[in-house]
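Student: any chance you can model this:
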Amino acid sequence: MIRLFSCCFLIFIMACNTATPPEVNTEKEVSTASVTPKIPVVDYDGLAPIFAQKSDTTYVINFWATWCKPCVAELPYFLELHKKYQDQKYKFIFVSLDFPKQIQKKLVPFLEKNPLPGDVIVLDDADSNRWIPEVDPEWSGAIPATIVYKGNQKIFAEKSFHDFPELSDWVETLK
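Tutor: Residues are numbered from 1 along each chain as shown. Below you'll find the model as predicted:
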């Protein structure tokens, strides 16, 4: 029986090796339900251009995950912040650090129940020793963490916000 299983397994592996390998792409998109748009899955090289925008738009970038209770608790304040600045040049980007295997099971259902304003991107890059200091040299990697920048001005917070005024006042320090 073990030999039969081993033989079948070997045939399966050999058959898989004859197929044309898929094209390598650092940006994958996870197809979700029709209610939720596709969620890009990128490595840090795919995320880095977000930090290099030199326009008159203010970028609010929040690093979070569905498994992080403080992250989820502060999301309503970002919704309020979006409403406050909806008529101004603000772009909201929520960088999920959810595990790739949990996207369909956890992230997609969460977003269907709790839509976020702006873009949601999954960061899937195991080399955190490289990308964490690239995001901010003072960042330990703990989440939630938020960056707000416009042109060459930037503020960074490695903390959770406890209410809307705290977040709003902090964002206003950029001006």
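
Student: from here on, contacts and neighbour counts on C-alpha atoms
Tutor: Will do.

Student: could I get the CA-only coordinates of the helix or strand encompassing L75 as PDB?
Tutor: L75 is part of helix 69-84, with elements assigned from DSSP states H and E. Output of helix 69-84 as PDB, limited to C-alpha atoms (Å, rounded to 0.1, in the frame of the first residue of the first chain):
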ATOM      1  CA  LYS A  69      -7.500  44.200  18.200                       C
ATOM      2  CA  PRO A  70      -6.000  47.800  18.600                       C
ATOM      3  CA  CYS A  71      -5.800  48.000  14.800                       C
ATOM      4  CA  VAL A  72      -9.500  47.100  14.400                       C
ATOM      5  CA  ALA A  73     -10.600  49.300  17.300                       C
ATOM      6  CA  GLU A  74      -9.100  52.400  15.600                       C
ATOM      7  CA  LEU A  75     -10.500  51.900  12.100                       C
ATOM      8  CA  PRO A  76     -13.700  53.800  12.800                       C
ATOM      9  CA  TYR A  77     -11.600  56.900  13.500                       C
ATOM     10  CA  PHE A  78     -10.000  56.600  10.000                       C
ATOM     11  CA  LEU A  79     -13.500  56.400   8.600                       C
ATOM     12  CA  GLU A  80     -14.300  59.700  10.400                       C
ATOM     13  CA  LEU A  81     -11.000  61.200   9.200                       C
ATOM     14  CA  HIS A  82     -12.000  60.200   5.600                       C
ATOM     15  CA  LYS A  83     -15.300  62.000   6.000                       C
ATOM     16  CA  LYS A  84     -13.600  65.100   7.300                       C
END
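
Student: run a quick neighbour tally on the closest residue to D136 other than its chain neighbours.
Tutor: For D136, ignoring the flanking residues on the chain, the nearest one in space by Cα to Cα, 6 or more residues apart in numbering is F156 at 7.5 Å. The number of residues packed around F156, counting by other Cα atoms under 10 Å, is 18.
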